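[1] here is a sequence together with a model predicted from it:
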Amino acid sequence: MKKLTTLSLLLLTFSLMFLSSCLEDSDSRQWRKANEAFMEGLKDSTNIFALEHRDSIIVAEKGGKYEAGPVSGILYQEIKAGHGEIPVIGQTVSVKYTGWLYDNTQFDTGKMTFKLGESTIDGFREVVERMPVGARWKAYIPYYLGYGSTDYQYSQPNIPAYSVLIFDIELLKIEE
């Protein structure tokens, strides 16, 4: 009888763990779909553009035509034109920024100095690498160039997995 009770408790525990992971997966899937729909909706805007990438891939168009397309998936809007140099990987830059989730939840703001190629998320770096000094852009970074498929719990509020990251970035200067 004791074996049956232990087995029942074990089965109940695994069942609860399975059900709770299914609920989390459902929430995660809904968040991911909402973020993907948000990014897709931005593509129809007349003042938001695809960030050009140094490398490109071949993408199919309707009607069987093919053309080179950007690899990254980052979209941006120019808020203020810059007229200075464009930094290169290895240079140290200073930026001012604010970051939001697609639902307008602000998760960070500040100034930072960093070396391009180190210390930031891929999408943020890709944007800064293309900005001239003095420029201010609003960048829409897809989840796979942000924190990916895992929750980022080191900010307040936490950033859920599959989050589009929206940054208002101003490139202040390239350090000497």
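    Done, it's in.
[2] pretty sure residue 123 contacts residue 140?
    No. Applying CB atoms under 8 Å, one finds residue 123 not in contact with residue 140, separated by 9.0 Å. Using the backbone N, CA and C atoms, a C-beta is placed for each residue, glycine as well.
[3] which residues do the two both contact?
    Taking CB atoms under 8 Å, 6 or more residues apart in numbering as the criterion, residue 123 and residue 140 both touch 74, 165.
[4] tell me where the protein has strands.
    Applying DSSP state E to the chain gives strands spanning 49-50, 56-60, 66-70, 75-80, 92-101, 106-115, 136-141, 165-174.
[5] what pairs with the shortest one, parallel or antiparallel?
    Neighbouring strands of strand 49-50 in its sheet, by DSSP bridges, are strand 75-80 (antiparallel).
[6] again, but for the fifth one
    Strand 92-101 pairs in its sheet with strand 106-115 (antiparallel), strand 165-174 (antiparallel), by DSSP bridges.
[7] list the contacts of the last one.
    Contact partners of strand 165-174, identified using CB under 8 Å, 6+ apart, comprise 79-80, 82, 84-85, 87, 91-102, 111, 121, 123-124, 127-128, 131-141, 143, 146-147, 159.
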